[in-house]
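K.L.:
how would this look folded up:
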Amino acid sequence: MKKKGLILATVLVLVASLLVLPACAPAAEEVEEVKEVNEIGYLTGPWGDLTANPVAAAEILNTYNPDVRVSVVKSAGSEMNTMMAADMPRNSILYHTTSMDFIAGYWGLPPWEEAYPNQSVLLSYGHSQGYMMYLTWDKNIQNMSDMAGKTLAVLPMPSLQNPFTFYILDALGIRDQVEVVNLDFGPLEDALRDKTVDAMMYYVLGPPGEEGLPGSGEEALFALNNEMYTVSVPEDVLKPAAASLQAGFGVRTAQPNVYLPLDTKEIWVHTPQFSILSSRADMDFDLVYGIVKTIIEHSDEFAERVPPRGRLFTPELAVSAMAFAHESMIHPGAVKYFKEANLWDVYLQARAEHVALVGE
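P.N.:
Down below sits the predicted model:
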């Protein structure tokens, strides 16, 4: 009897075990469930910092943020980025833009007036000293007043090159005498090389000699293999034109007929140009929070990945360089992190200084 009882008990234990195992199976499956990863495309720009910064940020995000997998996509520029983002799924896109482009869109300059209401700033990678200049291959064009009867190429709307240039032409009384042609980066360079336009407005990030930093646009600009010269703009016209944009310009007038490569002290400089990480305003709160937190908390690695300019990227600069932006333009997920990291007061101070300088 004892032997039979022992066998029966053993059978009951085995049966109970078999009954329990199926009940445990779903729990095991739940533990092994893979968390969804957000596939994100990061639109860059045509050259230089506009590509290097996003590449570095993407590498950091892919290394330290398990919620995202970021692929860098080289694009035509921040204007195109904004319009492309408007048609993409809200959690699938990050993109580069610049402070000037952002202000243009915030003002509703076409064709961004529909795309920009759904756009947010996340952080800035720091200062990019932007040198804007009017260039010509014709030594007879020394001053902007010599452009009467000529063609001048500038970037398409909504670039602020347009209202800035029109202000200058209006002030000189020659707007109706100058044919302004809107060409993007590549066609603009081709037009000057082929001499199908008389002059162009060109933008270079950090030419040689500026704090030892390389010129991002140097290769594209100097590869034209032409004798290109600066066109001077009178200082009493140049400064009001810059001030009219309410964008914090610092300007110097150029000397006429300065042959390239340029002496950086003789061209006028647009100081507050920043490389900006942007997203759609409806991107998930927590997703933005994690992206901003990851990049800023690894700013030291960012500096290593983008030498030597990357050394300028610090947590403080990431927020102070967004002083051009109203608080409503900054994504709430980014704001949450800035406040937790004691960086929000840095932004508020920088914003107050910006408003005192150029107004709201």
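K.L.:
domains for this protein, by residue range?
P.N.:
With automatic domain parsing serving as the domain definition, the record reports that the chain contains domains spanning 38-127+273-358, 130-270.
K.L.:
least reliable of these going by mean pLDDT?
P.N.:
Ranked by mean pLDDT, those end with domain 130-270 at the bottom, a mean of 69.
K.L.:
tell me the SS of residue 40?
P.N.:
Three states are possible here, and by DSSP: H, G, I helix; E, B strand; the rest coil the one that applies to residue 40 is strand.
K.L.:
what about it, neighbour count?
P.N.:
Counted with other C-beta atoms under 10 Å, the burial measure for residue 40 works out to 24 neighbours. Every C-beta, even on glycine, is put in place using the N, C-alpha and C of the backbone.
K.L.:
enumerate every residue touching the closest residue to it other than its chain neighbours.
P.N.:
In space, residue 40 comes closest to residue 70 once its chain neighbours are excluded; the distance is 4.9 Å by C-beta to C-beta, 6 or more residues apart in numbering. For residue 70, the contacting residues are 40-42, 57-58, 61-62, 94, by C-beta atoms under 8 Å, 6 or more residues apart in numbering.
K.L.:
in what helix or strand does residue 69 lie?
P.N.:
In this structure, residue 69 is located in strand 68-73 according to DSSP states H and E.
K.L.:
that should have said residue 61, apologies.
P.N.:
Applying DSSP H and E, one finds residue 61 within helix 49-64.
K.L.:
packing partners for that helix?
P.N.:
strand 38-43, strand 68-73, strand 93-98, strand 119-127, strand 274-280, helix 285-296, helix 299-305 (3 or more C-beta pairs under 8 Å, 6 or more residues apart in numbering; DSSP states H and E).
K.L.:
what would the ones you listed look like in JSON lines with distance to residue 172?
P.N.:
Formatted as JSON lines, the entries for those read as follows, by distance: least, C-beta to C-beta, whole Å:
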{"stretch": "strand 38-43", "distance to residue 172": "37"}
{"stretch": "strand 68-73", "distance to residue 172": "41"}
{"stretch": "strand 93-98", "distance to residue 172": "27"}
{"stretch": "strand 119-127", "distance to residue 172": "31"}
{"stretch": "strand 274-280", "distance to residue 172": "30"}
{"stretch": "helix 285-296", "distance to residue 172": "45"}
{"stretch": "helix 299-305", "distance to residue 172": "44"}
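K.L.:
the helix or strand following the strand holding residue 69 packs against which elements?
P.N.:
Moving toward the C-terminus from strand 68-73, the first helix or strand encountered (DSSP H and E) is helix 78-85. Counting contacts by 3+ C-beta pairs under 8 Å, 6+ apart, the secondary-structure elements packed against helix 78-85 are strand 38-43, strand 93-98, helix 99-106, strand 274-280.
K.L.:
stretch 150-168: end-to-end distance?
P.N.:
With C-alpha to C-alpha, to the nearest Å applied, stretch 150-168 spans 15 Å between its terminal residues.
K.L.:
could you do stretch 191-201 as well?
P.N.:
Stretch 191-201 has an end-to-end distance of 12 Å (C-alpha to C-alpha).
K.L.:
what's it in contact with?
P.N.:
132-138, 141, 147, 150-155, 161, 165, 181, 183, 188, 190, 224-226, 228, 231.
K.L.:
hey, C-alpha coordinates of stretch 231-243 in CSV?
P.N.:
Output in CSV follows, covering the C-alpha atoms of stretch 231-243 (Å, rounded to 0.1, in the frame of the first residue of the first chain):
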residue,chain,number,x,y,z
VAL,A,231,31.0,93.4,-54.4
SER,A,232,30.9,96.1,-51.8
VAL,A,233,27.7,97.3,-50.1
PRO,A,234,27.8,100.8,-48.4
GLU,A,235,27.8,100.4,-44.7
ASP,A,236,25.0,102.8,-44.2
VAL,A,237,22.8,100.5,-46.4
LEU,A,238,24.2,97.2,-45.2
LYS,A,239,23.5,97.6,-41.4
PRO,A,240,19.9,98.8,-41.8
ALA,A,241,19.3,95.9,-44.2
ALA,A,242,20.5,93.4,-41.6
ALA,A,243,18.6,95.1,-38.8
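K.L.:
now it: buried residues?
P.N.:
Of the residues in stretch 231-243, those buried by neighbour count under the rule 16 or more other C-beta atoms under 10 Å are 231-233, 237-239, 241-242.
K.L.:
could you do stretch 60-71 as well?
P.N.:
60-61, 65, 67-68, 70.
K.L.:
widest-spaced pair of those residues?
P.N.:
Every pair in those was compared (C-beta to C-beta); the two farthest apart turn out to be 60 and 67, at 13.4 Å.
K.L.:
mind listing the helices for this structure?
P.N.:
For the chain, helices defined by DSSP state H occupy the ranges 2-31, 49-64, 78-85, 99-106, 161-172, 185-193, 218-222, 235-243, 285-296, 299-305, 315-320, 332-340, 344-358.
K.L.:
by contact count, what packs against the fifth one?
P.N.:
With contacts taken as 3+ C-beta pairs under 8 Å, 6+ apart, helix 161-172 sits against strand 151-154, strand 179-182, strand 199-205, helix 235-243.
K.L.:
quick one: residues in contact with the second one.
P.N.:
Okay, so that is strand 179-182. By C-beta under 8 Å, 6+ apart, the list of residues contacting strand 179-182 from outside reads 150-157, 162, 165-166, 169, 191, 197.
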